[in-house]
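Chemist: pasting the sequence and the predicted coordinates here, then a few questions.
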Amino acid sequence: EDQVTQSPEALRLQEGESSSLNCSYTVSGLRGLFWYRQDPGKGPEFLFTLYSAGEEKEKERLKATLTKKESFLHITAPKPEDSATYLCAAHLVNDYKLSFGAGTTVTVRA
Amino acid sequence: DTAVSQTPKYLVTQMGNDKSIKCEQNLGHDTMYWYKQDSKKFLKIMFSYNNKELIINETVPNRFSPKSPDKAHLNLHINSLELGDSAVYFCASNDLSGGAYEQYFGPGTRLTVT
């Protein structure tokens, strides 16, 4: 069965303390892997799409990478405004929908 | 310039009532989606329309009925509301014909059934 799993569920960081979030997927035929950020009370905000193993995308303090079985979202020197829930989603070949993981809630303390 | 908008933002109603949620996108996308996010924050796809044609219809009670009057609008009607329907409902859109699979989400509608 196709599955997307994120770890850890929650991550508490000190400002400036870099860390990584994991998204592992057991799917057949990955078309793309998506990362979203969700703030409390708001809709998910699109961050990155990764299409092939070895691909990397960067935006400010965030960098997403993709292997054949998992994706990582690296947060470098985070700031309190990086506090949010980060969601990953897999888009399968021959399918229209995104299958989301349960998310990692990141809290960055000043 | 709101890209994907939903109304209402909050909806409080009693069990057994019928309610509708509306969604509009001004991105020129051809595909729209409804998701349900439960209390554990898990996002689950419910329906999708591509150019007014239903393309995703997940296992959802038939009390839920989507309607797409045109490709910029997707509404969700819920009959005989139950306590378990309480959740946040998100609308999203993307441009499948353009090969852009990333979805853009609305702000959500928090439905509370009492």
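Modeler: Done, it's in.
Chemist: list the residues that contact residue A:42.
Modeler: B:107, B:108 (CB atoms under 8 Å, 6 or more residues apart in numbering or on different chains). In short, each C-beta sits where N, CA and C put it, glycine included.
Chemist: for chain A, what's its nearest residue on chain B.
Modeler: residue B:105 (3.6 Å; CB to the nearest CB).
Chemist: that residue touches residue B:90, doesn't it?
Modeler: Yes: contact status for residue B:105 versus residue B:90: in contact at 5.2 Å, counting by CB atoms under 8 Å.
Chemist: need the contact list for residue 3.
Modeler: Just so you know, I chose chain A. A:25, A:26, A:27, A:99.
Chemist: wrong chain, I was asking about chain B
Modeler: With the criterion set at CB under 8 Å, 6+ apart, residue B:3 makes contact with B:25, B:26, B:27, B:104.
Chemist: repeat the analysis, applying 10 Å as the threshold.
Modeler: B:24, B:25, B:26, B:27, B:29, B:93, B:104, B:105, B:106 (CB atoms under 10 Å, 6 or more residues apart in numbering or on different chains).
Chemist: can you check residue B:109 too?
Modeler: B:6-11, B:19, B:21-23, B:76, B:87-91.
Chemist: near chain B, which residues of chain A are found?
Modeler: A:9, A:31-32, A:34-36, A:38, A:41-49, A:51, A:85, A:87, A:89, A:91, A:95-103, A:105 (CB under 10 Å from any CB of the partner chain).
Chemist: how about the helices of chain A, start to end?
Modeler: Using DSSP state H, no helices are assigned anywhere in chain A.
Chemist: in it, what secondary structure element scores lowest on mean pLDDT?
Modeler: Every helix and strand of chain A was ranked by mean pLDDT, DSSP states H and E. The lowest is strand A:98-100, at a mean of 90.
Chemist: tell me the confidence at the residue of chain A found nearest chain B?
Modeler: Proximity of chain A to chain B (CB to the nearest CB) peaks at residue A:43, 3.6 Å away. For residue A:43, the pLDDT comes out at 96.
Chemist: quick one, phi/psi of it?
Modeler: phi -80, psi 160 (degrees, to the nearest 10).
Chemist: so how far is residue B:93 from the residue positioned nearest the centre of chain B?
Modeler: Chain B has residue B:34 as the residue nearest its centroid, 3.0 Å off, counting by CA atoms, centre = their mean. Residue B:34 is 11 Å from residue B:93, where distance means CB to CB, to the nearest Å.
Chemist: what's the answer for residue B:36, then?
Modeler: Residue B:36 is 17 Å from residue B:93, by CB to CB.
Chemist: neighbour count winner among the two?
Modeler: Using other CB atoms under 10 Å in any protein chain shown, the more surrounded residue of residue B:36 and residue B:93 is residue B:93, with 27 against 19.
Chemist: still on that earlier bit, dump the residue contacts of the residue of chain A closest to chain B.
Modeler: A:36, B:4, B:6, B:35, B:37, B:43, B:88, B:90-92, B:104-108.
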